[in-house]
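K.L.:
Dropping a prediction and its sequence here:
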Amino acid sequence: MTKLTEILLGQIERSGPITIAEYMTQCLLHPKYGYYTTQRPIGAGGDFITSPEISQMYGEMLGLCLAQNWIDQGQPSRFTLAELGPGRGVLMADILRTTKAISGFHQAAEIILVEASPELQAVQAKTLDDYDVTWVNTVTALPEQPLFLVANEFFDCLPIRQYSRTEHGWQEHMIGAKNGALGFILAAQTPTSVFADAPLGTILELCPSAVAIISDIARIIGAFGGAALVIDYGDENPVGDSFQAVKHHTKADPLLNCGASDLTAHVNFKSLSDAASKFAQVSKVTAQGVFLERLGITPRAQSLAAGLDGDALENHITAHRRLTHPDEMGHLFKVLAISPKGAPQPMGFDI
Ligand code: SAH
């Protein structure tokens, strides 16, 4: 049993069951025993691999997409270039390398990373040591100026709340203690006005912090200009239980070994889109493979391939397939763009 499991069991025994959201927050971000505080999660030797870690082409496509939109919006002379949850900093490094040649872009950019983990901030500082970078803990600290932003696999680790439609109405899934171990239990019923009715057995997930964060971003973009690209696994309107743990690239029990494995849930793109559209224009939710193809990842892959052979070439071909193919990340991962109402949509999206 991990130290954090002991702490949470003790807390639950004293004060009663906690929501999945409270549990996720403790497991991921506990200052001493949290997952992002203590582990090195990302990469082949970690627990999961993300698109920017698979190939430099990913950051190149996103960087060019943002820079083109900056040009389309009249090249604002001061803007925030932000990333939410930058992991090891690889995506931002690729975006900056790719946009170096775009006249005026770097000079106008104020690079701000939104990162809750001090340990990962230190890793990002190393990766980005050629650049002037500032860190903030929350999006509410982003300046009131044009905002060009990426968020890759950030929204999936925000805390969710989960509800089941039972014969008593809607009941929240809580985490309690049973025989000295953590286990799921159902809370008393929630007021019926909270959700529309649904068949017995339906499970719904809500992510209040995702709605708050996307609203803050869309408000800034709507008022000052800019664009956001949000990429994650999820769907337009998912139902069902998507709460999961991953350790060493395989699924694990989310209630075991608190703080030692990554906890995520699928992103509800419809709720992000609905919240953002109050302030800004939102794109269609687009499959990652389609988006990357429209931005020209295949010609770029071919040009990089010309300089490779042997294992390096094989790995490069595999990476292109992983990012784009519908059986790999091409379909499961979705992209949503936010831009000011009336401004040109970022490239890669159908109007
Ligand atoms: N975007 C990176 C890493 C994804 S992992 C990549 O694609 O490789 C999730 C990242 O979000 C980590 O850097 C984690 O520390 C950060 N994070 C998680 N919850 C956060 C929160 N509430 N606020 C800010 N950062 C958070």
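P.N.:
Sure thing, it's come through.

K.L.:
hang on, isn't residue 350 packed against residue 284?
P.N.:
Yes - in this structure residue 350 lies within contact range of residue 284 using C-beta atoms under 8 Å: 5.6 Å. (Glycine included, C-beta is placed from N, CA and C.)

K.L.:
Bridged to residue 268, which residues?
P.N.:
Counting by DSSP bridges, residue 268 is bridged to residue 235.

K.L.:
and it, how many residues sit next to it?
P.N.:
By other C-beta atoms under 10 Å, 24 other residues sit near residue 268.

K.L.:
Wait, it touches residue 204, no?
P.N.:
No - using C-beta under 8 Å, residue 268 makes no contact with residue 204, being 9.3 Å away.

K.L.:
contacting residues around the most centrally placed residue in the chain?
P.N.:
The centre of the chain sits closest to residue 154, judged by C-alpha atoms, centre = their mean, with a distance of 2.0 Å. Contact analysis of residue 154 by C-beta atoms under 8 Å, 6 or more residues apart in numbering lists 84, 85, 230, 232.

K.L.:
my guess is the third one contacts residue 218, does it?
P.N.:
Just to be clear, that refers to residue 230. No - using C-beta under 8 Å as the test, residue 230 is too far from residue 218 to be in contact (10.4 Å).

K.L.:
For the two, indicate the residue with more neighbours.
P.N.:
Neighbour totals were compared for residue 230 and residue 218, and residue 230 leads with 29 against 25 (other C-beta under 10 Å).

K.L.:
I'd like to know which elements the helix or strand encompassing the more buried one is packed against.
P.N.:
Per DSSP states H and E: residue 230 is located in strand 226-235. Applying 3 or more C-beta pairs under 8 Å, 6 or more residues apart in numbering; DSSP states H and E, one finds that strand 226-235 makes contact with helix 56-72, strand 147-152, helix 208-224, strand 267-268, helix 269-276, strand 333-339.

K.L.:
what angle sits between that strand and helix 269-276?
P.N.:
150 degrees (axes from the mean of the first three to the mean of the last three C-alpha atoms, to 10 degrees).

K.L.:
average pLDDT across strand 226-235?
P.N.:
For strand 226-235, mean pLDDT rounds to 96.

K.L.:
what about whatever helix or strand comes next after that strand and the ligand, touching?
P.N.:
Following strand 226-235 in sequence order, the next helix or strand is strand 244-247 (DSSP H and E). No - using C-beta under 6 Å from any ligand atom, strand 244-247 stays clear of the ligand, with a minimum separation of 11.0 Å.

K.L.:
which neighbours does strand 244-247 have in its sheet, and in what orientation?
P.N.:
Using DSSP bridges, strand 244-247 pairs in its sheet with strand 250-252 (antiparallel), strand 262-264 (antiparallel).

K.L.:
what's in contact with it?
P.N.:
For strand 244-247, the external contacting residues (C-beta under 8 Å, 6+ apart) are 47-48, 251-254, 256-257, 260-265.

K.L.:
Show me which of the residues you listed are buried.
P.N.:
47, 48, 252, 254, 257, 260, 261, 262, 263, 264, 265 (16 or more other C-beta atoms under 10 Å).

K.L.:
Same list (these) but as a markdown table, adding pLDDT.
P.N.:
A markdown table is the format used below for the buried ones among the contacts of strand 244-247 (pLDDT from 0 to 100):
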| residue | pLDDT |
| --- | --- |
| 47 | 88 |
| 48 | 89 |
| 252 | 95 |
| 254 | 97 |
| 257 | 92 |
| 260 | 94 |
| 261 | 94 |
| 262 | 95 |
| 263 | 97 |
| 264 | 96 |
| 265 | 96 |
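
K.L.:
Could you check the pLDDT of residue 109?
P.N.:
Confidence score, pLDDT, at residue 109: 98.
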